[in-house]
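> predicted model and sequence follow; I will ask about them next.
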Amino acid sequence: MEDLYQELIQIIEEELQEKGKEYTLGKFTGLGWRFPEGENGVPKISLKKYEKTVNLYLFPTENGEPLLAKYEKVFKNSNIGKGCLRIKKLDEEKATTIRLLLHKS
């Protein structure tokens with residue numbers, strides 16, 4: 001999972017042009033991007049490495065409508081939550097889709 005985690009960090013940092021910042025919220029510790037003003041609070045985008053997946057938390061919208069559900073074919077339904085992509089492997093289609101979703105978050 002470490003290689004996948006590092007690859008996702010690279011994609012996110014390339015697209016957002018900013019370094020991730022480690023943060024803790026309750027028991028959750030992750031790497032986050034696009035924090036609210038003042039650096040406190042929940043970032044708009046975060047990444048967390050688990051034993052079997054790397055989870056990307058983001059809330060992309062278009063015209064006020066959530067977008068993640070529209071990409072079920074790319075990520076498979078069981079790998080998408082309301083604001084979470086559970087990633088086990090990264091192929092070119094997933095990487096391209098993640099890049100697109102980052103700009104809509």
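Looks like it came in fine.

> need the residues that contact the top helix by length along the chain.
What stands out as the longest helix in the chain, according to DSSP state H, is helix 2-16. Helix 2-16 has contacts (C-beta atoms under 8 Å, 6 or more residues apart in numbering) with 19-20, 31, 33-34, 45, 47, 49, 54, 56, 87-90, 95, 98-99, 102-103. In short, each C-beta sits where N, CA and C put it, glycine included.

> please redo it, this time with the cut-off set to 10 Å
18-20, 31-34, 44-50, 53-56, 58, 85, 87-90, 94-96, 98-103, 105 (C-beta atoms under 10 Å, 6 or more residues apart in numbering).

> which PyMOL command selects the buried ones in these?
Buried residues among these (16 or more other C-beta atoms under 10 Å), as a PyMOL selection:
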select buried, resi 20+31+32+33+34+44+45+46+47+48+49+53+54+55+56+58+85+87+94+98+101+102+105
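
> now intersect the contacts of helix 2-16 with the helices, please.
Going by DSSP H, the helices hold 94-96, 98-102 from the contacts of helix 2-16.
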